[in-house]
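J.: missing the sequence, but the structure's below:
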């Protein structure tokens, strides 16, 4: 892709998200979401592969539906209440439609079906943008409208997403689909605690972004898209394979890695709020996710693919990819747990 075009598209992505962050009016927030969607579509379809075009079409239709719902709900709220401000969302019809639309935007269960299919058709860097940056603007709106939403609805969305994200990833062999279900599960963890502690939701989102960035950048560096291609990683780059296994376990929430921190704090908060049963279900759903991460670690570190093809060894060619972002995100994804007291102190 032409570097000037790429610069314009990435700037538009930043502009759309910033506009949504800064707006207090539904119309401006909707415009920011639309700029965001339009900017990522050329990035998704840049390889002109049928899979990429199909994924782009699915993403466009889904996001257009969600945007239309947001516009309709905010117009309905303005018609019934007389207010366009995001914080003044008070009519039940409008609030229910808004949360349904925003859930569709970020891929929460039960409106998650587009997410694995779209992510599967993209290259890994565009998939990284879709899994991280594209979640920020809708999440900012969700945090703002959360006080007006029925707590039972938020709890249902959170529980459904963690369970679907756990069950859905169990039988997958494609790494991008596994990361899509991982994203759905993590979104569920953020939604479940949103009504009690928005700070914890933002902490979980930040940690998730760093862990997912580390996972995507590692897979990009080793050009892995399936579990079978992971089995050759140990002979190519043993150190990278070891850190990748740890990043995957961190995504699963295993102590003493960073991924344990948000899960631990969220379970603690749910227990404080008198919801031990919900906390137990969430912990059991985390075990489902941990199982498929362990499957990836097993494939990467303990098995060797029976490769008998007479070809040039791919790991002899020097890699020209930028590894600094990978190093930073990996360090954060692995070593932040001892800093939990300091992070909590900053948050409060």
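T.: Done, it's in. For clarity, every value in this text was computed on a predicted model and none was experimentally measured.
J.: could you chop the chain up by domain?
T.: 1-149, 150-306+322-338 (automatic domain parsing).
J.: in JSON lines: those, plus mean neighbour count and distance to residue 347.
T.: The way it works is simple: take the backbone N, C-alpha and C, and place the C-beta from them, glycine included. What follows is the domains of the chain, written out as JSON lines (neighbours: other Cβ atoms under 10 Å; distance: least, Cβ to Cβ, whole Å):
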{"stretch": "domain 1-149", "mean neighbour count": "18", "distance to residue 347": "14"}
{"stretch": "domain 150-306+322-338", "mean neighbour count": "20", "distance to residue 347": "5"}
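J.: redo these as TSV? Include mean pLDDT and distance to residue 348.
T.: Compiled in TSV, these are given as follows (pLDDT from 0 to 100; distance: least, Cβ to Cβ, whole Å):
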stretch	mean pLDDT	distance to residue 348
domain 1-149	91	17
domain 150-306+322-338	89	7
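J.: can you add distance to residue 346 and give these back as CSV?
T.: What follows is the domains of the chain, written out as CSV (distance: least, Cβ to Cβ, whole Å):
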stretch, distance to residue 346
domain 1-149, 18
domain 150-306+322-338, 10
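J.: for this structure, which helix is longest?
T.: Using DSSP state H, we find that the single longest helix of the chain is helix 50-81.
J.: surely residue 112 forms part of a helix?
T.: No - Residue 112 is assigned coil when assessed by DSSP: H, G, I helix; E, B strand; the rest coil, not a helix.
J.: contacts only, for it.
T.: 161, 164, 184 (Cβ atoms under 8 Å, 6 or more residues apart in numbering).
J.: likewise residue 191?
T.: Counting by Cβ under 8 Å, 6+ apart, residue 191 touches 108, 142, 154, 157-158, 161, 201.
J.: again, only using 10 Å
T.: With contacts defined as Cβ atoms under 10 Å, 6 or more residues apart in numbering, residue 191 is in contact with 99, 103, 106, 108-109, 139, 142, 146, 153-162, 201, 204.
J.: is it true that it lies in a helix?
T.: Yes - Residue 191: assigned to a helix according to three-state DSSP.
J.: now it: how far from residue 276?
T.: 19 Å (Cβ to Cβ, to the nearest Å).
J.: need phi/psi at the spatially closest residue to residue 267 that is not a sequence neighbour.
T.: Nearest residue to residue 267, sequence neighbours excluded (Cβ to Cβ, 6 or more residues apart in numbering): residue 279, at 4.8 Å. The phi and psi torsions at residue 279 (degrees, to the nearest 10) take the values phi -60, psi -40.
J.: can you check residue 122 too?
T.: Torsion angles, degrees, to the nearest 10, at residue 122: phi -110, psi 160.
J.: pretty sure it is touching residue 129, no?
T.: Yes - Residue 122 lies in contact with residue 129 (Cβ atoms under 10 Å); the separation is 8.9 Å.
J.: re the thing from before, closest to residue 344 out of the domains of the chain?
T.: domain 150-306+322-338 (7.6 Å; Cβ to Cβ).
J.: ends of the closest one, how far apart?
T.: 35 Å (Cα to Cα, to the nearest Å).
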